[in-house]
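Enquirer: Pasting a predicted model and its sequence here:
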Amino acid sequence: MSLAVRAGGTLAVVGESGSGKSMTFLSALGLVAAPGRVRRGEVRIDGADILHQPPERLRRLRGAVISMIFQDPLTALNPVFTIGEQIVEVLRAHQRIGRTAARARAIELLARVQIPDPARRVDDYPHQLSGGQRQRVLIAMAIALSPKILIADEPTTALDVTVQAQILDLLADLQAETGMALVLITHDLGLVAKYADDVAVMYAGRLVETGSMEEVFTRPRHPYTRALFRSIPRLDGPVDEELPAIEGQPPNVARLPPGCAFEPRCTVGRGRADCCTRRPLPLAGDRSGHRSACFHEDLPDRKEATR
């Protein structure tokens with residue numbers, strides 16, 4: 001798979017749980033836990049490959065050049081240190097800055113992510129904050145060194161709808177201020193429609209469709225992408241209409257079939273010889289760059305055709 005995000009732009013990476021979204025970007029940052037390892041590939045920022053760097057050099061690039069907001073704010077923060085101490089640690093690990101100046105900078109960052117009364121809350125422990133406030137602390141840590149790329153891994157998981165909107169609006173504001181590139185990992189297509197410029201759809205560790213948000217949402221090509229859109233409840237639909245689900249289960253990514261990984265669940269290619277035996281690669285895109293990995297993207301879904 002190959003992905004790109006431009007400065008100031010937002011790339012949304014979508015797919016169901018287990019599709020490889022988080023693992024892909026943990027790999028990009030060199031954070032895959034043993035015994036996992038990155039076997040090959042490149043991660044280029046401004047043309048320079050950051051992945052194949054000595055561990056110490058890579059550690060210094062993380063946070064300063066590319067940063068990540070992790071999925072669970074409760075487990076990502078250390079419960080025995082105050083939030084101020086954890087932000088100060090990030091600053092002092094990368095910059096020559098005294099503890100007093102670092103604490104003042106931590107208060108500035110908390111104010112920037114809209115933590116109320118930051119001069120007092122800087123001495124709070126994670127358990128003293130709400131879920132939304134903990135998420136804001138993670139954002140403060142992630143932007144502390146003004147990275148060029150920010151990866152937000154499910155940044156609104158387990159938050160109520162109002163707080164979700166506040167967090168995503170905050171990221172959009174920070175992006176507009178700094179010009180950083182944003183990668184939004186999510187399964188919420190509503191968030192994608194509002195915040196993304198480009199979309200990448202993953203299934204079983206592989207890329208199945210890419211394109212601009214408008215192209216993917218108005219003319220989805222891959223059967224998996226179309227199935228995702230059919231599973232979204234519609235406010236204008238009949239109240240008694242059964243919500244369609246994608247049949248079957250995702251495959252074991254350690255034992256993928258020789259053909260298309262989506263073939264057993266696909267309403268277009270199930271049972272077709274080429275889908276069962278050959279792995280489809282992303283096809284050449286149109287002028288907009290819209291691409292999909294499907295041999296039969298022009299055929300209608302069998303369920304749709306029989307309605």
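Expert: That came in fine, so what should we check first? What you see is a predicted model, and the numbers here were worked out from it, not measured in a lab.
Enquirer: can we go C-alpha only for contacts and neighbour counts from here?
Expert: Fine.
Enquirer: From the recorded domain assignment, give the ranges for this protein.
Expert: 10-196, 213-305 (automatic domain parsing).
Enquirer: where among the ones you listed is the average confidence lowest?
Expert: Sorting those by mean pLDDT places domain 213-305 lowest, at a mean of 86.
Enquirer: highest average neighbour count across the domains of the chain?
Expert: domain 10-196 (a mean of 18; mean count of other C-alpha atoms under 10 Å).
Enquirer: Need the distance between the two termini of that domain.
Expert: One end of domain 10-196 sits 5 Å from the other (C-alpha to C-alpha, to the nearest Å).
Enquirer: Correct me if wrong, but Leu182 is in a strand.
Expert: Yes: assigned with DSSP: H, G, I helix; E, B strand; the rest coil, Leu182 falls within a strand.
Enquirer: can the domains of the chain go into a markdown table with extra columns for distance to Leu3?
Expert: Formatted as a markdown table, these follow (distance: least, C-alpha to C-alpha, whole Å):
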| stretch | distance to Leu3 |
| --- | --- |
| domain 10-196 | 9 |
| domain 213-305 | 12 |
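Enquirer: out of those domains, which comes closest to Arg206?
Expert: domain 10-196 (7.7 Å; C-alpha to C-alpha).
Enquirer: isn't Thr156 right next to Asp169, touching?
Expert: No: under the criterion of C-alpha atoms under 8 Å, Thr156 is not in contact with Asp169, lying 11.4 Å apart.
Enquirer: still on that earlier bit, out of the domains of the chain, which gets nearest to Gly205?
Expert: domain 10-196 (4.6 Å).
Enquirer: Where does Val201 sit: helix, strand or coil?
Expert: strand.
Enquirer: quick revisit: right, and the domains of the chain - which one's nearest Tyr203?
Expert: Tyr203 sits nearest to domain 10-196 of all the domains of the chain, at 4.9 Å, using C-alpha to C-alpha.
Enquirer: ranges for the strands of the chain?
Expert: 10-14, 44-45, 48-49, 66-69, 149-153, 181-186, 198-203, 206-212, 291-292 (DSSP state E).
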